[in-house]
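Student: build me a model:
(one chain, ligands or ions: 1)
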Amino acid sequence: MLTISNLTAHYGAAQALFGIDMAVAAGQTVALVGANGAGKSTLLKCIMGLLKPSGGEILLDGKPVTGATPARMVRLGLAMSPEGREVFADLPVLENLQLGAIPLNLPKAEEKRRMDEVFARFPKLGQRRTQPAGTLSGGEQQMLAMGRALMARPRLLLLDEPSLGLAPIITDEIFAIIHQLARAGTTILVVEQNAARALSASDTAYLLAGGRIVEQGKSRDLLLDPALRAAFLGAASHDNPSASRLGAAGLTNIRLEKQPMQTDFMPAFASAEDLQAHQLKGLKWTVRHAYEGSPAYRAKLEAAGVTPDSIQSLDDLRRLPFTTTEDLRDGYPFPLKSVPFEQLVRVHASSGTTGKRKVLCYTQKDLDDWISMFARCYQTAGITPLDRVQIAVGYGVWTAGMGFQLGCERVGALAVPVGPGNIDMQIQFLLDFQSTVFCSTASMALLMAEEIHKRGIADRIAVKKIIYGSERSSRSMRKKISELFGGAELFDITGLTELYGPGAGIECPDHDCIHYWSDYYLLEILDPETLKPLPDGEWGEMVVTTLCKEGAPLIRYRTRDITRIIPGPCTCGSVMPRHSRIKGRSDDTIKFRGVNIYPSSIDTILSAVPGLGSEYQIHLTRGEGGRDNLRLVVERAEGVGASRAPEMAHEAVHQIKRQLMVSVDLDIVDYGSLPRSERKSQRVFDSRIQDEIV
Ligand code: ZN
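Tutor: Residues are numbered from 1 along each chain as shown. Got it, this is the predicted structure:
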């Protein structure tokens, strides 16, 4: 949208800007950070036409605007909230706002409409509309200056030092509004001395010193750059309280109250051979540890003719016997336990809907390893110490809440541990705490998304990322969650209680695969029927072997999860290997008239039919004469008329027939008529089994 090249500016003989190059893309928030006198305000003034540059060029939408008047710039869609607010103290709020639209010469009715918009965004200004601006507090004057700029409904909003001289709590409020404006689509260029603030609120940033750009890049990268943090941002800490005091006096750029912390949790293997050597060492250790520590494992290994010395290469993995859910249940209450009790520090359990629960025990090292894996997941999703992570998964004996919580603390983000359900409280915290990350099951995320939509608050919340797991989700469900959350980015996280808990891998920012932590466990993909290895790229059952798990190691544990290895490197640049998002479980494959169907293939087909919603159920029944019937009940998408149902049903049935080779019945029902759940939504209803018992 805005391109600046080789821009220079002078005040008299003194040069203030030296060959500035920068770009602001439409929809982005760009921060211009620097100390007092670095040239930030000068640059903004040049852009706005308040100061004539002495050289270089400014292009708006590709057209030169260098040296245009401020009034012309307003007509071209720019507006600026200046440093020090510059409100007219004797004029009332209303008249101050009118000034912002003067260059546009608006009809009265339009001016009134825009003023109402400003009051809706800044209710405090509405209450004080007839009060002279000079009687407002500093924060209110800042809101007035921003409101005045918004009267022009700018495409590009320039904000000069919006937090200058404001108390931290008012600064929070101002930045929340900046964030909302950005979400509503306004492109923003913000100048700030408070580097932490500006970097955490922007997509890209330029650091200015002495009239020159000294650093530029993604704000997140700049924020986490250790050299930059030390030199430019001057992090304060318990051991360095002076930085804190200076920060309070507004004299340094940042106050990071947290200790400098680890920001990279990825392993450093120089080559694939290095990793394999590590894996082989881990495999040998695991087999010996299980053999010596667990009578159950020793019996299984001996029955398979394997001793610890049998493991000489990674290929020897194939010689090891499988471990299954039944092994866990048989060993209740402490299955697979391979260390003495005094070394255990915690147990977790799975939700045992049938039979006994699966109980897993942990040593302190197991917990530390789990937390590191989870920190990697957060790192992959781009979570930083400035994020506020609202955790809406189960706490207690389940692994989920604990994993999300401890991983969050390890990366230094702020955890908001709400637990599942409690929709009203969730919404309140999203609004009041401005949580930037929401963690839940896919069903819960959908429930929240619909609630946010119903209450019309998408532009008042700050969620940028949703991390969800423990459940398959269709493409249309993901799309809907993202949209109703105001454009949040979704990350599917994997894991299972048996394998520490959630956090064993996560979808990367390229959203094409799950990266998994192959230095902690080996992953095989086997044919669930024959248990023979499948070539890379083919769908099969995920079987895992841990490499350093002490309390309850896993040897070729059959997860029942269906996925496939994706060979080759990822476009995201991560060196960690990857698999596809989990397609389903081998034990919830639907066997229908001799065909094996994964429920996810039905997801995929329904997601591709325009007008269908994300919610559906699969009903299997057995008719007279033993013939199986499969009936789908699918919701229409919100706002799609019932008259389109026959056409949509025809298309969906046709596609299922074409792609899965089966004939199904399909009913289309109203949007919102199928039940929503905070936990996993049940989608498959199979009444044939009972028929068989009868
Ligand atoms: Zn990737």
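
Student: burial count for residue 649?
Tutor: The local packing count at residue 649 equals 18, with neighbours defined by other C-beta atoms under 10 Å. In short, each C-beta sits where N, CA and C put it, glycine included.

Student: just the pLDDT at it, thanks.
Tutor: The confidence metric pLDDT takes the value 93 at residue 649.

Student: make sure it is indeed in a helix.
Tutor: Yes. According to DSSP: H, G, I helix; E, B strand; the rest coil, residue 649 belongs to a helix.

Student: could you measure from it over to residue 402?
Tutor: Computed with C-beta to C-beta, to the nearest Å, the distance linking residue 649 and residue 402 is 44 Å.

Student: contact residues of this protein facing the ion?
Tutor: Taking C-beta under 5 Å from the ion as the measure of proximity, the chain contacts the ion at 508, 510, 570, 572, 574.

Student: among the residues you listed, which pair sits farthest apart?
Tutor: Distances among the residues of the chain next to the ion were taken as C-beta to C-beta; the most separated pair is 510 and 574, at 9.0 Å.

Student: out of the residues of the chain next to the ion, which are buried?
Tutor: Applying 16 or more other C-beta atoms under 10 Å to those, the neighbour count classes 508, 570, 572, 574 as buried.

Student: and the residues you listed as a markdown table, adding pLDDT and secondary structure?
Tutor: Rendered in a markdown table, the data for these read as follows (pLDDT from 0 to 100; DSSP: H, G, I helix; E, B strand; the rest coil):
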| residue | pLDDT | secondary structure |
| --- | --- | --- |
| 508 | 94 | coil |
| 570 | 91 | coil |
| 572 | 90 | coil |
| 574 | 87 | coil |
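
Student: nearest to residue 428 among those residues?
Tutor: residue 508 (32.1 Å).

Student: from what I can see that closest one touches residue 492, true?
Tutor: No. With contact defined as C-beta atoms under 8 Å, residue 508 and residue 492 do not form a contacting pair (10.2 Å).

Student: name the residues contacting each of the two.
Tutor: Contact with both residue 508 and residue 492 is made by residues residue 514, according to C-beta atoms under 8 Å, 6 or more residues apart in numbering.

Student: pLDDT score for residue 227?
Tutor: Taking residue 227 on its own, its pLDDT is 60.

Student: now the helices for the stretch 451-600 of the chain?
Tutor: For the stretch 451-600 of the chain, the helices defined by DSSP state H, counting those that start in this stretch occupy 475-484, 599-607.

Student: smallest gap between the stretch 301-450 of the chain and the ion, at which residue?
Tutor: Taking C-beta to the ion as the measure, the stretch 301-450 of the chain has residue 380 as its residue closest to the ion, at 7.9 Å.

Student: give me the pLDDT value at that residue.
Tutor: Per-residue pLDDT puts residue 380 at 96.

Student: may I ask which helix or strand of the chain has the lowest mean pLDDT?
Tutor: The helix or strand with the lowest mean pLDDT-type score in the chain, counting by mean pLDDT, DSSP states H and E, is helix 241-248 (a mean of 39).

Student: could you point out the longest helix in the chain?
Tutor: In the chain, ranked by residue count with DSSP state H as the criterion, the top helix is helix 272-293.

Student: roughly how far is it from the heart of the chain?
Tutor: In terms of C-alpha atoms, centre = their mean, to the nearest Å, the gap separating the centre of helix 272-293 from the centre of its chain is 33 Å.

Student: for it, which outside residues touch it?
Tutor: 267, 269, 297-298, 301, 306-308, 310-311, 313-314, 316-317, 320, 336-339, 518-519, 522, 545-550, 553, 555.
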